[in-house]
Structures are given as C-alpha cells and as structure tokens.
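Novice: Sharing a model that was predicted from the sequence below.
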Amino acid sequence: MLFKVEMTVKIPHDMPEEIAADIKAREKAYAQKLQAQGQWLHLWRVAGSYANVSIFDVQSNEELQEIISQLPLFPYMEISVAPLCRHPSSIHEDDR
Ligand SMILES: O=C(O)CC1=CCC(=O)O1
C-alpha cells in the first residue's frame, strides 16, 4: 500500500538548540533505516520550506501509523496522509 505523506516541521522557537539537534539526528537515523528497509520509498524536501513530501510503502494503515507516530519529530510536525493507487496513464510498469 502506497501513501503520500506530507510533513511540515514546526519546532518551538524556544527549544534549546542542542535538544533540537538531537531530535533531528534521531529523525535522520530513523528515516534512513526505514529507507534502507524499503518502507520509506521517497523523501523530498519541499523547496523553500521546512517540509517534506514522502512516499511510504507499507502493509497496512496500522503499519503507517506505527511508523509515523515513532518519528522523533512527530510531536513537532503537521502531517497529512493520502492513499495512492496506480494512475491508468502511467508508463511505469513498476508502479504499484
Ligand atoms: O526535515 C524534515 O523534513 C523532517 C524529516 C523527516 C525525515 C527526516 O530525516 O527529516
């Protein structure tokens, strides 16, 4: 199951820099582990903003919820999720 996930980061301005740096480092490690495992297919920065657009490939809504809720930045992000399906005009045979 493919999902588009949009994340906008909103770290409080009064968070000490060393705490923010630690959360961001843990977020990066977690995101890279999920990419290596294949659940996080794409991770794109939205140019001009502290936001990303990601594509996840997971087995269920519950798995996506589990992954997203464990993001170290989860308490500091606005997140929107949309399910995806193959477009009939796509020429990419490996679209799922
Ligand atoms: O910086 C972001 O867009 C938030 C984020 C998600 C995964 C990651 O490494 O950073």
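Specialist: The structure has been received and is ready for your questions. Numbering: from 1, shown residues only.
Novice: switch to C-alpha atoms for all contacts and neighbour counts from now on
Specialist: Fine.
Novice: what about the residue in the chain positioned nearest to the ligand, which helix or strand?
Specialist: Closest to the ligand within the chain is residue 28: 3.7 Å, counting by CA to the nearest ligand atom. Element membership for residue 28 (DSSP states H and E) is helix 17-37.
Novice: Return the distance of the following helix or strand past that helix from the chain's centre.
Specialist: Heading C-terminal from helix 17-37, the first helix or strand you meet, by DSSP H and E, is strand 40-45. Computed by CA atoms, centre = their mean, to the nearest Å, the chain-centroid distance of strand 40-45 equals 7 Å.
Novice: per-residue pLDDT, residue 93?
Specialist: You'll see residue 93 listed with a pLDDT of 84.
Novice: For the spatially closest residue to residue 81 that is not a sequence neighbour, give me phi and psi.
Specialist: Distances taken as CA to CA, 6 or more residues apart in numbering place residue 5 nearest to residue 81, at 4.6 Å, with adjacent residues excluded. Main-chain torsions, residue 5, degrees, to the nearest 10: phi -120, psi 130.
Novice: Residue 5 and residue 84 touch, don't they?
Specialist: No. Between residue 5 and residue 84 there is no contact under CA atoms under 8 Å: 10.2 Å.
Novice: So between the two, which is more surrounded?
Specialist: residue 5 (19 against 14; other CA atoms under 10 Å).
Novice: pLDDT wise, what is that one at?
Specialist: So, for residue 5, pLDDT stands at 98.
Novice: Bridged to it, which residues?
Specialist: The partner list for residue 5 in beta bridges (DSSP bridges) reads residue 54, residue 81.
Novice: quick one: contacts for it?
Specialist: Counting by CA atoms under 8 Å, 6 or more residues apart in numbering, residue 5 touches 53-56, 79-82.
Novice: now, among those residues, which is nearest to residue 91?
Specialist: Nearest to residue 91 out of the contacts of residue 5 is residue 55 (CA to CA; 18.6 Å).
Novice: and that closest one, how many residues sit next to it?
Specialist: Counted with other CA under 10 Å, the neighbours of residue 55 add up to 20.
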